[in-house]
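In: How does the following fold in three dimensions:
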Amino acid sequence: MTKSFPNILHILASIAFITIIGAAFYEHAAVVPMWSAAPPRSLSMFQGEYGLQAVNFWKPVHPVAVLLLAAALITNWQKPNRKQLLIVVGGYLLILAITAVYFVPELLAITGSAYSAAVNGDLAERAQTWEKLSLVRLSGLLVLAVILLHGLTVKQTEQ
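Out: Numbering: from 1, shown residues only. Okay, here's the model as predicted:
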C-alpha cells in the first residue's frame, strides 16, 4: 500500500459524505417546501406512475459513504487523523440509525397519505415537525463534515 492510499480514501470518503450533504440541501431547498406546503394535496409529486422516487438516490449513496469512511478509518488507523474519522463514522452511523427509526418511516407515512384536495392540519404539522428535525439532522452532518475535512489537515507522522 502506498503512503498516499490512506489519504486518497479519506478524500473519497469526504467527497461521498459531502455529496450526501449537498443532496440534503437540495431536497430542503427545492423538494421539502413543495410536499410539506399543503399535505395531502401537495403530496401528489410522490404519487402515481411518475412520482418522485428519491429512494433511488438515498438507498445506494449511504452504503457507499459508509464503506468509504470505514476504509478510510481502517487505512488511517495508525495515523493521527484516526480520531476525526472515528468521530465521523460514529456520528454518521448514529444519524443513519435515527433516520431508519424515525425519519424514513415518518416520511413514508406522510408522503403515502391518500390524495385529498383539503389540507389536513395534523398531516401539515407532522410535515413541519419532520422538516425541522431534518434540518437539525442536516446541521449534525455539517458538523461531521467539518471534522472529516479537518482530519485531512492533521499532520501525518510515521508511526
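
In: mean confidence score for the longest helix seen in the chain?
Out: For the chain, the helix with the greatest residue count under DSSP state H is helix 121-151. Helix 121-151 carries an average pLDDT of 97.

In: Packing partners of that helix?
Out: helix 5-26, helix 32-35, helix 82-98, helix 104-111 (3 or more C-beta pairs under 8 Å, 6 or more residues apart in numbering; DSSP states H and E). Where you see a C-beta, it was placed from the backbone N, CA and C, and this is true even at glycine.

In: export the ones you listed to a markdown table and tack on mean pLDDT and distance to Ala145?
Out: Below are those laid out as a markdown table (pLDDT from 0 to 100; distance: least, C-beta to C-beta, whole Å):
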| stretch | mean pLDDT | distance to Ala145 |
| --- | --- | --- |
| helix 5-26 | 97 | 6 |
| helix 32-35 | 96 | 20 |
| helix 82-98 | 98 | 8 |
| helix 104-111 | 96 | 21 |
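
In: quick one, which of the ones you listed is nearest to Leu68?
Out: Leu68 sits nearest to helix 5-26 of all the helices and strands packed on helix 121-151, at 3.9 Å, using C-beta to C-beta.
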